[in-house]
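Colleague: whatever this is, show me its structure:
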Amino acid sequence: FFFFLVCNSFFVHLGEMMGFVGSVGWTESGVLGQKSSFVCCNKPILGGRVGRRTLGRWEMMALRVAVVGGGPAGACAAETLAAAGIETYLIERKMDNAKPCGGAIPLCMVDEFDLPISLIDRKVRKMKMISPSNREVDVGKTLRDDEYIGMLRREVLDSFLRERAIEKGAKPINGLVTKINMAKGDSDPYSIEYSDYEDREKDAGKSKTLEVDMVIGADGANSRVARDMDAGDYNYAIAFQERIKLPEDKMEYYKELAEMYVGDDVSPDFYAWVFPKYDHVGVGTGTVINRPAIKTYQKGIRDRAAEKLAGGKIIKVEAHPIPEHPRPRRVNGRVALVGDAAGYVTKCSGEGIYFAAKSGRMCAEAIVQVSQNGNRIPTESQIINSYIRDWDNKYWSTYKVLDILQAVFYRNNVAREAFVELCGDDYVQKVTFDSYLYKTVTRGSPLEDIKLLFTTVGSFIRANSFAPQDQPLPQ
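Modeller: Sure, this is the predicted structure:
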């Protein structure tokens, strides 16, 4: 989501000054449903070449990987594996799925993931931050002419990424995974049970089984893979969004503009948004601490933006869980989690598209490397010491600082008012956009950072005089 724009770099700089940020290393044949054997010369070959016995003889076979989930994380993982020549299955229960999502992507993702510009519905160059007292701050004045935030529809992006993975050689399976039978031994296969939806007229929901050597779970916050591999639980937010088709004149207002609202009337611990799409806007909110009242908060954002949404027609209503932090266990044996299934959504912002795609690619690249392009079976320690280590070293500080400082800026309306005021500062906007658009931490001026610290204190003092009083949580 879009909140990352205005908080990530500022939080990281503030975290550095406060000492928060540091680095951290955190079957007999290949036919579906038939039993595979991975014993060569009566010894397991974990970490060695992949072998299977066929008609009494041992033959060298390719590593088989199942990717469960066809969103950005799963599609990018499948594409990377298939491009390396690894036998890859991409399992998705709903090929036309449209996940509820704000749909914002950083500029760097377009080039890094070779996305065609046609996927971008709107190039957002302006943003309004709206405080609990309805004070508005314009954000985006430091952007260059060629810089923008890409706004897109998830069904369009996800479909493109899946099709590209299939073109690279991934084998698509339209099905719902119902169970992952974990490997009993170090070199035994994983058995995936699923309901096949490929032929909806004849055999819709027919139970089938697939045996593979590795599994990548990219099946979202309610991950079946995570459950069966005993990855542990995590706290989650509920995101609720309505797609609203506006009259042409109202839609023109949002041509290059996105809005973010904060206040306890729209969320006690998150934010609400109005994001432009192709021919409509996405209007939504989210919360962790008061999920049962999500529709009350959705009414709050509709009321706050009522004048701008006048004459609009709701064309779709969506809701979805969003993880709040990484799962306790992201690798178990030869099963690894990526994207929302792993918990890779930033605290405060809810941003997940880029990190989902990036984690899927990084996980697959690690598998390609440690398996020597599919000729060896990776071990759990190899996956942890490549994929997990590299991910945590690269992104731990971003997740940790946002987690810590959410308590600072979301604890009440005074803090929210102060935050919105800070977003009007040119220095904050410059380092924030640079960090968000290119996913690199921009090092600012030490003098400016010290000034920002005092500005933050002053914003809190001023906000005390006019911030609306916080109300009890609605039931």
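Colleague: quick check, central residue of the chain?
Modeller: Note on the chain: the residue nearest the mean C-alpha position is Gly352, at 2.3 Å, using Cα atoms, centre = their mean.
Colleague: surely it touches Ala341?
Modeller: No - with contact defined as Cβ atoms under 8 Å, Gly352 does not reach Ala341; the gap is 11.0 Å. Where C-beta positions appear, they are placed from N, C-alpha and C, glycine not excepted.
Colleague: what about the helices in the stretch 301-450 of the chain?
Modeller: Assigned helices in the stretch 301-450 of the chain, in chain order: 306-309, 339-342, 353-370, 380-383, 389-409, 413-422, 426-438, 446-463 (criterion: DSSP state H, counting those that start in this stretch).
Colleague: quick one, what contacts the closest residue to the residue nearest to the centre of the chain other than its chain neighbours?
Modeller: Closest residue to Gly352 apart from its sequence neighbours, by Cβ to Cβ, 6 or more residues apart in numbering: Val345 at 4.1 Å. Residues in contact with Val345 (Cβ atoms under 8 Å, 6 or more residues apart in numbering) are Ile322, Pro323, Glu324, Glu351, Gly352, Phe355.
Colleague: test my guess that the last one contacts Thr346.
Modeller: The reference is to Phe355. Yes - Phe355 is within contact range of Thr346, at 7.1 Å (criterion: Cβ under 8 Å).
Colleague: what is the burial count for the closest residue in space to Ile289 that isn't next to it in sequence?
Modeller: Distances taken as Cβ to Cβ, 6+ apart put Asp269 closest to Ile289, at 5.1 Å, once the chain neighbours are dropped. For Asp269, the tally of surrounding residues (other Cβ atoms under 10 Å) stands at 17.
Colleague: tell me the SS of Asp269?
Modeller: coil (DSSP: H, G, I helix; E, B strand; the rest coil).
Colleague: where does it land on pLDDT?
Modeller: Note for Asp269: predicted pLDDT of 92.
Colleague: OK, contacts around it?
Modeller: By Cβ under 8 Å, 6+ apart, the residues touching Asp269 are Thr287, Val288, Ile289, Asn290, Gln406, Tyr410.
Colleague: show the pLDDT at Gly56.
Modeller: Looking at Gly56, its pLDDT reads 46.
Colleague: neighbours of the residue nearest to Lys245 when sequence neighbours are not counted, just the number please.
Modeller: Sequence neighbours aside, His280 is the residue nearest to Lys245 in space, at 4.4 Å (criterion: Cβ to Cβ, 6+ apart). The number of residues packed near His280 is 22, by other Cβ under 10 Å.
Colleague: wasn't Ala66 part of a strand?
Modeller: Yes - counting by three-state DSSP, Ala66 is located in a strand.
Colleague: spit out the contact partners of it.
Modeller: Counting by Cβ under 8 Å, 6+ apart, Ala66 touches Thr88, Tyr89, Ile91, Tyr190, Ile192, Leu210, Val212, Met214, Val215, Ile216.
Colleague: how near is it to Ile91?
Modeller: 6 Å (Cβ to Cβ, to the nearest Å).
Colleague: identify the contacts common to the two.
Modeller: Counting by Cβ under 8 Å, 6+ apart, the shared contacts of Ala66 and Ile91 are Ile192, Leu210.
Colleague: count the neighbours of Leu402 for me.
Modeller: Leu402: 21 surrounding residues under other Cβ under 10 Å.
Colleague: how about the one 10 residues further on?
Modeller: Residues near Asn412, counting by other Cβ under 10 Å, number 16.
Colleague: does it touch Asp470 like I think?
Modeller: Yes - between Asn412 and Asp470 there is a contact under Cβ under 8 Å: 5.1 Å.
Colleague: intersection of neighbour lists for the two?
Modeller: Residues touching both Asn412 and Asp470 (Cβ under 8 Å, 6+ apart): Asp264.
Colleague: in the stretch 1-150 of the chain, what residue spans correspond to helices?
Modeller: Secondary structure of the stretch 1-150 of the chain, counting by DSSP H, counting those that start in this stretch: helices at 4-18, 72-83, 107-112.
Colleague: pull out the buried residues from the shortest one.
Modeller: The one in question is helix 107-112. Neighbour counts using 16 or more other Cβ atoms under 10 Å place Leu107, Met109, Val110 of helix 107-112 among the buried residues.
Colleague: and that helix, what's its mean pLDDT?
Modeller: Mean pLDDT, computed over helix 107-112, is 95.
Colleague: before we move on, back to that, backbone dihedrals for the residue nearest to the centre of the chain, please?
Modeller: Main-chain dihedrals, Gly352, degrees, to the nearest 10: phi -140, psi -20.
Colleague: mind checking how far it is from Gly103?
Modeller: Distance from Gly352 to Gly103, by Cβ to Cβ: 11 Å.
Colleague: Gln469 too?
Modeller: Plainly put, Gln469 is 34 Å away from Gly103 if you go by Cβ to Cβ.
Colleague: between these two, which has more neighbouring residues?
Modeller: Neighbour count, other Cβ under 10 Å: between Gln469 and Gly103, Gly103 has more, with 28 against 9.
Colleague: was I right about that one contacting Val156?
Modeller: No - counting by Cβ under 8 Å, Gly103 does not reach Val156; the two are 9.2 Å apart.
Colleague: for these two, list the residues in contact with both.
Modeller: Both Gly103 and Val156 are in contact with Asp121, where contact means Cβ under 8 Å, 6+ apart.
Colleague: output the below-cut-off pLDDT ranges for the stretch 1-150 of the chain.
Modeller: Counting by pLDDT under 70, the ranges of the stretch 1-150 of the chain that qualify are 1-61.
Colleague: all strands of it, in order?
Modeller: Listed in chain order, the strands of the stretch 1-150 of the chain (DSSP state E, counting those that start in this stretch) span 39-40, 43-44, 51-54, 57-60, 64-68, 87-92, 104-105, 122-124, 126-130, 136-139, 149-151.
Colleague: elements contacting the longest one?
Modeller: Judged by 3 or more Cβ pairs under 8 Å, 6 or more residues apart in numbering; DSSP states H and E, the packing partners of strand 87-92 are strand 64-68, helix 72-83, helix 154-167, strand 171-181, strand 206-212.
Colleague: could I get those as JSON lines with distance to Ser459?
Modeller: As requested, the helices and strands packed on strand 87-92 are exported to JSON lines (distance: least, Cβ to Cβ, whole Å):
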{"stretch": "strand 64-68", "distance to Ser459": "46"}
{"stretch": "helix 72-83", "distance to Ser459": "36"}
{"stretch": "helix 154-167", "distance to Ser459": "35"}
{"stretch": "strand 171-181", "distance to Ser459": "48"}
{"stretch": "strand 206-212", "distance to Ser459": "54"}
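Colleague: those: which one's closest to Arg329?
Modeller: strand 171-181 (14.1 Å; Cβ to Cβ).
Colleague: which residues are contacting the helix or strand following that closest one?
Modeller: Downstream of strand 171-181, the first helix or strand assigned by DSSP states H and E is strand 190-196. Contact with strand 190-196 is made by 66, 68, 91, 173-183, 203-215, 334-335, as judged by Cβ under 8 Å, 6+ apart.
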